[in-house]
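Enquirer: here is my input, please return the structure:
(one chain, ligands or ions: 1)
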Amino acid sequence: MTEITRRAMLAGTAALAALAASPALAAAPQSGQQAPGFYRYKVGDLELTQLSDGAGTFPMPDHFVANVSNETAIAEAAKAYLAPAGKITVPFNPVLINTGSKLILIDTGNGAGPNPAVGRLLTNLAAAGYSPQQIDTVVISHLHPDHINGLHTKDGKLAFPNAEVLMPQADWAFWMSEENAAKAKEGMTKNYFTTIQKALADMKGHVAMYGWDKEIAPGVTSINTAGHTPGHTSFAVSSGKDKVFVQSDVTNIPAFFLRHPDWHVMFDNDPALAQKTRHRFYDMAASEKAIVVGYHFPFPAVGHVEKDGAGYRLVPVSWSGVV
Ligand SMILES: [Zn+2]
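Expert: Numbers count the residues shown, from 1 in each chain. Alright, predicted model coming up:
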């Protein structure tokens, strides 16, 4: 050991001893709280903010993947390091678009409820510096409860009182029909009808309908991605030569359904059509090398989708400290 490093080491040891004696090194209380979940990025002149509504963890339901065995699904979860074992975590990520003069929110999350892990949209919206009163337009991708329940506050008031609410025509026609509700199979689909019709009962006069292949809000074009539901819609959000695809629920969690696009999540209304849509949508996104935003992707839920063998692979964007 040279004299210099020996001296430096001795000095270091002395400094450590001094620090250890210092009351400033007293244990800090653990927080037990997560940081606010929002993430901003630019698309041309638009500023987008991913807003986490949280993530729900639940025991893997029987037939979560409708067309493979639970054993296979659980093994795949382990292969993808999804934890805890035997459970599944589904995140929820609405998107806010600030055009400079308008605020457009795509999907509204689960609404506040007894589970503190979800229903965090309004908290994270506030953390991102916006009030619900400022939202001009709410665009709903499809009428499933995890996308519409946030339209109302805990006490049943409109969460975004000044916003125009846009719904996909085909989904509204399907889910709000008493006739369809009456003939729905007992179980999940029947429950969906009950929940959706209850959640939207007071909105009949307050919503406007949109169709596909139209610019439904500044920079936001609707894309037919039916299958998950009859009116399920994705969006191209573009400004200048920049564009991202907000896919909504073309897949649920990518570890299963991007990897295996022919696997059917139990929530798909028309599984065969949803599967066809997945291939069409991701082949397009992969060939365009486009950024894809996934409602159920891990936060901040933004990445590229690459072809990978018979399936696809999500390459998440890197966190950026500047917008
Ligand atoms: Zn969903």
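Enquirer: count residues in the vicinity of Val323, would you?
Expert: 10 (other CB atoms under 10 Å). The way it works is simple: take the backbone N, C-alpha and C, and place the C-beta from them, glycine included.
Enquirer: residues in contact with the nearest residue to it once chain neighbours are set aside?
Expert: With sequence-adjacent residues excluded and distances taken as CB to CB, 6 or more residues apart in numbering, Val323 is closest to Arg40, at 4.7 Å. By CB atoms under 8 Å, 6 or more residues apart in numbering, the contact list for Arg40 reads Glu47, Leu48, Thr49, Gln50, Ala128, Val323.
Enquirer: now, among these, which is nearest to the ion?
Expert: Within these, the smallest distance to the ion is 15.2 Å, found for Gln50 (CB to the ion).
Enquirer: in the host helix or strand of Ala77, what counts as buried?
Expert: Assigned by DSSP states H and E, Ala77 falls within helix 70-79. By 16 or more other CB atoms under 10 Å, the buried positions in helix 70-79 come out as Ala73, Ile74, Glu76, Ala77.
Enquirer: need phi/psi at Pro168.
Expert: phi -70, psi 120 (degrees, to the nearest 10).
Enquirer: wait, it sits on Thr233?
Expert: Yes: if you go by CB atoms under 8 Å, Pro168 and Thr233 touch, sitting 4.7 Å apart.
Enquirer: now for the two: what residues contact both?
Expert: Listed as contacting both Pro168 and Thr233 by CB under 8 Å, 6+ apart are Ser141, His142, Tyr210, Ser222.
Enquirer: can these go into a markdown table with extra columns for secondary structure and pLDDT?
Expert: Converted to a markdown table, the shared contacts of Pro168 and Thr233 look like this (DSSP: H, G, I helix; E, B strand; the rest coil; pLDDT from 0 to 100):
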| residue | secondary structure | pLDDT |
| --- | --- | --- |
| Ser141 | coil | 98 |
| His142 | coil | 98 |
| Tyr210 | strand | 98 |
| Ser222 | strand | 98 |
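Enquirer: of all of the stretch 1-150 of the chain, which residue lies closest to the ion?
Expert: The stretch 1-150 of the chain approaches the ion most closely through Asp146 (4.6 Å), counting by CB to the ion.
Enquirer: burial of the closest residue in space to that residue that isn't next to it in sequence, as a residue count?
Expert: Using CB to CB, 6+ apart and skipping residues adjacent in sequence, the residue nearest Asp146 is Asn110, 5.3 Å away. By the criterion of other CB under 10 Å, Asn110 has 21 neighbours.
Enquirer: i'd like the first residue to be 75 from this point on
Expert: Will do, 75 is the new start, and the previous item becomes Asn184.
Enquirer: need the phi and psi values for Asn184.
Expert: Dihedral pair for Asn184: phi -90, psi -10, per degrees, to the nearest 10.
Enquirer: now do Phe309
Expert: Backbone torsions of Phe309, given as degrees, to the nearest 10, read phi -140, psi 140.
Enquirer: now swap in the one 3 residues further on and tell me
Expert: For Ser312, the backbone dihedrals are phi -140, psi 150 (criterion: degrees, to the nearest 10).
Enquirer: next: the one 4 residues further on.
Expert: When quoted as degrees, to the nearest 10, the phi and psi of Asp316 stand at phi -90, psi 150.
Enquirer: that's a helix at the residue of the stretch 75-224 of the chain closest to the ion, yeah?
Expert: Yes: secondary structure of Asp220 (DSSP: H, G, I helix; E, B strand; the rest coil): part of a helix.
Enquirer: show the pLDDT at it.
Expert: Note on Asp220: pLDDT of 97.
Enquirer: doesn't Phe166 make contact with it?
Expert: Yes: in this structure, Asp220 is within contact of Phe166 by CB under 8 Å, at 5.7 Å.
Enquirer: who touches both of the two?
Expert: By CB under 8 Å, 6+ apart, Asp220 and Phe166 have these common neighbours: Asp127, Gly183, Asn184.
Enquirer: make JSON lines out of these and add pLDDT and distance to the ion.
Expert: Listed next are those as JSON lines, based on pLDDT from 0 to 100; distance: CB to the ion, whole Å:
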{"residue": "Asp127", "pLDDT": "98", "distance to the ion": "10"}
{"residue": "Gly183", "pLDDT": "98", "distance to the ion": "10"}
{"residue": "Asn184", "pLDDT": "97", "distance to the ion": "10"}
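Enquirer: what lines up beside the helix or strand where Leu179 lies in the sheet?
Expert: Element membership of Leu179, judged by DSSP H and E, is strand 177-180. Strand 177-180 has its sheet partners listed here by DSSP bridges as strand 169-172 (antiparallel), strand 211-213 (parallel).
Enquirer: that one: how far from the chain's middle?
Expert: Counting by CA atoms, centre = their mean, to the nearest Å, strand 177-180 is centred 14 Å from the centre of its parent chain.
Enquirer: let me know whether that strand sits next to the ion.
Expert: No: Strand 177-180 stays clear of the ion (CB under 5 Å from the ion), getting no nearer than 12.1 Å.
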